[in-house]
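**Q** mind folding the following:
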Amino acid sequence: MLDLSALVLPGTCLWSAAIVLVRHWQGAGAQSYAWYALPLGATALYLIYFSFLVHQSRGGR
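**A** Model (predicted):
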């Protein structure tokens, strides 16, 4: 799962940039820029998952 994040996290950056570009070309407003938060959310979820794994590997200490 952690190996997959090496592809998923950069992929979310590309995906959000593509969404913003397409929305801009379609004439969307400034709200489309909220898609730039997608990589931040994915990174936060990754860090939560990683800290959970570290906590488990230490036996709950």
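**Q** find the nearest non-adjacent residue to residue 46, please.
**A** In space, and not counting its chain neighbours, residue 46 is closest to residue 5: 5.4 Å by CB to CB, 6 or more residues apart in numbering. Any C-beta I mention is one placed from the backbone N, CA and C, and that applies to glycine too.
**Q** can you give me the distance of that neighbour to residue 11?
**A** For residue 5, the distance to residue 11 equals 10 Å [CB to CB, to the nearest Å].
**Q** distance check, residue 37 against residue 12.
**A** For residue 37, the distance to residue 12 equals 10 Å [CB to CB].
**Q** please apply the same query to residue 20.
**A** 12 Å.
**Q** repeat that for residue 56.
**A** From residue 56 across to residue 12, the span is 25 Å (CB to CB).
**Q** neighbour-wise, which of these two wins?
**A** residue 12 (19 against 9; other CB atoms under 10 Å).
**Q** how about residue 33, what does it touch?
**A** By CB atoms under 8 Å, 6 or more residues apart in numbering, the residues touching residue 33 are residue 20.
**Q** phi, psi of it?
**A** With angles defined as degrees, to the nearest 10, residue 33 sits at phi -70, psi -10.
**Q** buried set for the top helix by length along the chain?
**A** The longest helix of the chain (DSSP state H) is helix 2-25. By neighbour count on 16 or more other CB atoms under 10 Å, the buried set for helix 2-25 is 5, 12, 16, 19, 20, 23.
**Q** elements contacting it?
**A** Judged by 3 or more CB pairs under 8 Å, 6 or more residues apart in numbering; DSSP states H and E, helix 2-25 is in contact with helix 38-57.
**Q** quick check: angle from the helix it packs on to helix 2-25?
**A** Between helix 38-57 and helix 2-25, the angle comes out at 160 degrees (axes from the mean of the first three to the mean of the last three CA atoms, to 10 degrees).
**Q** ok, and the closest non-adjacent residue to the spatially most central residue of the chain?
**A** Taking CA atoms, centre = their mean, the centroid of the chain lies closest to residue 42, which sits 2.5 Å from it. The shortest distance from residue 42 to any non-neighbouring residue, by CB to CB, 6+ apart, is to residue 12 (4.4 Å).
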